[in-house]
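> no sequence for this one, just the structure:
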Ligand SMILES: *Cc1c(COP(=O)(O)O)cnc(C)c1O
């Protein structure tokens, strides 16, 4: 099937909840994707920060193949070696953690919210969770209620009660919102979907102090920032603090669906048999793929590359921005980068697409770059050239 045929078949049968680009991909290799008409695209999007090792990473492909031939599912009524080994790997990376597996970011966050509720009930009958405006935590009712963006709430009210929204990167606002019912705070280290919004470096440090003082759980949503994206394994590690709970998904499985919630052992102990579950959670193929992702991050120099090439991209984009009056700001950390524009990001995204570079627009005016952590400097330069031309072309037509 070619692009047009796939797009037509999809449009005729799928629920129209995405507003997709009329394009179908059939294979990928490294930083490149190939569409059904044979065109090659440089991928600065990674399926929304999922394929962080690029496409077809040999360790991941090998692990998936091997596990598929052995066992694809056993259920959480039993144990499997990939799940046991991945739990150990994640628990160790977090430090004395206990792990719950689901299949997505929303499920990981839903588990964190439920754990926080249950912990709060056991610790003074508290249930309220403070979240931030501009945040994104998922699309299930619980995680949607924690998501601080009204456009995602529209038409779905009433939401789950017990959530309070306060401005992001504002510690005083959180302190004011705390009362006798508060159990936890949930934040992203960098708001991804919200527009690559970076708090001051000490934000998480202050939140940790606030949580310690008021005996609250600090939940850090690492679904987008985790697994090396920011140039460290977890985004919170830049601040030197330790959260009570973190959530992972997106890049965790190297392209295979998996989500995880990791909690301090003492906090996790309120979850007893029967309190929560997921049929597919901890699927052996997903866990085997994720173990290969950890191997790549730990042994192949991937995180160091993300930090280095990410900084190169940010520095070069800032130079380009000096010549482009429509760029407000270039911000980011490692391989999560936002170019804040004075106008809509969509025409720039489209201009990049015409030159076969996949980038993403978010929060209306933010060009978001989520390249593979394995990106080379040469590939970075190719992408930068296209972005520079797209920004200049848009500046040329602005107001015309
Ligand atoms: C993508 C994302 C989610 C939701 O993940 P899904 O797998 O789409 O459910 C949650 N939190 C953050 C920070 C995200 O970026």
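All right, it came through fine. Note that the coordinates shown come from a computational prediction; the quantities given were computed from them, not determined experimentally.
> chain center to stretch 315-328, what's the gap?
Distance of stretch 315-328 from the chain centroid (Cα atoms, centre = their mean, to the nearest Å) equals 26 Å.
> Endpoints of it, how far apart?
Taking Cα to Cα, to the nearest Å, stretch 315-328 runs 15 Å from one end to the other.
> and that stretch, which residues are buried?
By neighbour count with 16 or more other Cβ atoms under 10 Å, stretch 315-328 contains the buried residues 316, 317, 320, 321, 324, 326, 327. (Each C-beta comes from the backbone N, C-alpha and C, glycine too.)
> Specify which member of the residues you listed is nearest to the ligand.
Relative to the ligand, the closest of the buried residues of stretch 315-328 is residue 317; by Cβ to the nearest ligand atom it sits at 21.4 Å.
> three-state assignment of the closest residue to the closest one other than its chain neighbours?
In space, and not counting its chain neighbours, residue 317 is closest to residue 330: 4.4 Å by Cβ to Cβ, 6 or more residues apart in numbering. With DSSP: H, G, I helix; E, B strand; the rest coil as the basis, residue 330 sits in strand.
> wait, what's in contact with residue 330?
By Cβ atoms under 8 Å, 6 or more residues apart in numbering, the contact list for residue 330 reads 314, 317, 318, 321, 337, 338, 339, 340.
> Tell me which of the residues you listed fall in strands.
Among those, the members found in strands (DSSP state E) are 337, 338, 339, 340.
> Highest neighbour count among those?
The residue in the ones in strands among the contacts of residue 330 with the most neighbours, by other Cβ atoms under 10 Å, is residue 339 (29 neighbours).
> What distance do you get for that one to the ligand?
Remark: distance between residue 339 and the ligand (Cβ to the nearest ligand atom, to the nearest Å) = 18 Å.
> between the ones in strands among the contacts of residue 330, which is closest to the ligand?
Distances from the ligand to those, taken by Cβ to the nearest ligand atom, are shortest for residue 338, at 13.3 Å.
> Surely the closest one is in contact with residue 196?
Yes - Residue 338 is in contact with residue 196 according to Cβ atoms under 8 Å; the separation is 2.8 Å.
> overlap in contacts of the two?
By Cβ under 8 Å, 6+ apart, the residues touching both residue 338 and residue 196 are 331, 332, 362, 366, 368.
> For the third one, which non-adjacent residue is spatially closest?
So the one you mean is residue 362. Using Cβ to Cβ, 6+ apart, the closest residue to residue 362 is residue 368 (4.7 Å).
> Pull up the pairing partners for the helix or strand hosting the one you found, direction included.
Counting by DSSP states H and E, the element that carries residue 368 is strand 366-369. With DSSP bridges as the test, strand 366-369 is paired with strand 336-341 (antiparallel), strand 360-362 (antiparallel).
> List of residues touching stretch 196-209?
Stretch 196-209 is contacted from outside by 134, 168-169, 171, 174, 185, 187, 189-191, 218, 220, 236, 238-243, 331-333, 336-338, 362, 366, 368, using Cβ under 8 Å, 6+ apart.
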